[in-house]
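>>> Just need the structure, nothing else, for what follows:
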Amino acid sequence: MPRYHVRYLNGDDETIEAAAISYDADKIQYLATAEDGAAIAYIPIGNILSIVAIDKAATTYPYQDGDVTVLGPEVFASPDGETISWKGENYTRRFYPLGR
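Numbers count the residues shown, from 1 in each chain. Have a look, this model is predicted:
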């Protein structure tokens with residue numbers, strides 16, 4: 001489970017293991033939850049200086065996903081390598097004669 005570093009206004013630090021930390025605007029606090037959605041910690045916003053994810057799982061590139069190769073975030077290549085899609089735009093390989 002990812003860990004989050006919480007720094008409080010009084011200078012104290014804490015590490016929280018949680019699947020996610022989200023802001024609850026109705027209660028003016030952050031909510032740390034487990035993978036099943038159960039509450040792990042309630043953090044009042046008035047006490048927080050910062051919350052930083054310190055070890056979220058990293059993705060290793062490249063990898064296969066269906067019929068495309070994922071080269072990076074929002075970057076995909078077709079199986080034949082002729083087309084690359086980057087942020088929703090497709091780019092096709094073009095060949096130019098030498099000396100042009």
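
>>> What residue spans form the domains of this structure?
3-53, 63-92 (automatic domain parsing).

>>> Ranking helices and strands of the protein by mean pLDDT, which lands last?
The helix or strand of the chain with the lowest confidence, counting by mean pLDDT, DSSP states H and E, is strand 63-65 at a mean of 78.

>>> Give me the helices and strands touching that strand, please.
Where contact means 3 or more Cβ pairs under 8 Å, 6 or more residues apart in numbering; DSSP states H and E, strand 63-65 is packed against strand 68-72. C-beta: built from backbone N, CA, C; applies to glycine.

>>> which other residues reach whichever helix or strand comes after the strand it packs on?
Later in the chain than strand 68-72, the nearest helix or strand by DSSP states H and E is strand 75-77. For strand 75-77, the surrounding residues in contact (Cβ atoms under 8 Å, 6 or more residues apart in numbering) are 62, 65, 68, 69, 70, 71, 83, 84, 85, 86, 87.

>>> And the contacts of the following helix or strand past strand 75-77?
Downstream of strand 75-77, the first helix or strand assigned by DSSP H and E is strand 83-86. Contact partners of strand 83-86, identified using Cβ under 8 Å, 6+ apart, comprise 68, 71, 74, 75, 76, 77, 78, 90, 91, 92, 93.

>>> what ranges do the strands span in this protein?
Along the chain, the stretches classed as strands by DSSP state E are 3-8, 13-17, 20-24, 29-33, 39-44, 48-53, 63-65, 68-72, 75-77, 83-86, 89-92.
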